[in-house]
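**Student:** Sequence unavailable; structure follows:
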């Protein structure tokens, strides 16, 4: 008995090849999109990491300038405590006793003090609780230039100095006869493009009469 041979019509063959080609192209397209997405995400992450490194460097430079300015302030004030030497300066702020922990500028409503200082960095200049870095370091001679990113406008940096929640220490300054007082330095650093900002904090020991 003769074998029965079935043949696919030529038109059906072309349709099958076309469908297979379309499926292959769709798979390749998704592969390309996935690869591009990974590359874009990697570039964004690399850019964010580089920007954070710049912000850290700017914060370190600004902190050193503020520290030098605080030392100069107490020296110009006859080595009196900063509470006296910086009296009336908008960047020196003493919260009401017991009303705010030392980390206040980093929170809208710190624990235990509901709504005490909402939006601190937004309102601090108007409330005489902070000042631009240029105002703080103006006591230095010569005053340092504004901190700027390469080829960009200067960073906008606000400074607020508070008495730290640490007791004075009559022995921390060695045999100088001075007493150590501690102050919290808060920095609000806004990038030149104005889109993002970062906050830093540090504590400085000042030896005074």
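**Tutor:** Ah, there it is. Nothing here was measured: the structure is a model prediction, and the numbers come from that model.

**Student:** Now do the spatially most central residue of the chain against residue 25, distance only.
**Tutor:** Nearest to the geometric centre of the chain sits residue 198, at 1.7 Å (C-alpha atoms, centre = their mean). Applying C-beta to C-beta, to the nearest Å, the value for residue 198 to residue 25 is 46 Å. Quick note: C-beta positions are derived from backbone N, CA and C, even for glycine.

**Student:** re the thing from before, in what helix or strand does the residue nearest to the centre of the chain lie?
**Tutor:** In the assignment (DSSP states H and E), residue 198 maps to strand 197-208.

**Student:** What's the mean pLDDT across stretch 33-46?
**Tutor:** Taken as a whole, stretch 33-46 has a mean pLDDT of 66.

**Student:** picking that back up, give the buried residues for the strand holding residue 198.
**Tutor:** 200, 201, 204, 206, 207, 208 (16 or more other C-beta atoms under 10 Å).

**Student:** Which element is encountered next along the chain beyond the helix or strand hosting residue 21?
**Tutor:** Applying DSSP H and E as the criterion places residue 21 in helix 10-76. Sequence-wise, the next helix or strand downstream of helix 10-76 (DSSP H and E) is helix 82-85.

**Student:** Now that next one: buried residues?
**Tutor:** 82, 85.

**Student:** Who are the packing partners of the next helix or strand after that helix?
**Tutor:** Counting by DSSP H and E, the element after helix 82-85 in chain order, helix or strand, is helix 120-123. Helix 120-123 sits against no helix or strand, with contacts defined as 3 or more C-beta pairs under 8 Å, 6 or more residues apart in numbering; DSSP states H and E.

**Student:** Just the mean pLDDT for helix 120-123, thanks.
**Tutor:** So the average pLDDT for helix 120-123 ends up being 84.

**Student:** and it, how far out from the chain's middle?
**Tutor:** 15 Å (C-alpha atoms, centre = their mean, to the nearest Å).

**Student:** List the residues that contact the residue nearest to residue 131 when sequence neighbours are not counted.
**Tutor:** For residue 131, ignoring the flanking residues on the chain, the nearest one in space by C-beta to C-beta, 6 or more residues apart in numbering is residue 91 at 3.8 Å. Listed by C-beta atoms under 8 Å, 6 or more residues apart in numbering, the contact partners of residue 91 are 130, 131, 135, 136, 159, 160, 161.

**Student:** now, which of those sits nearest residue 58?
**Tutor:** residue 159 (12.9 Å; C-beta to C-beta).
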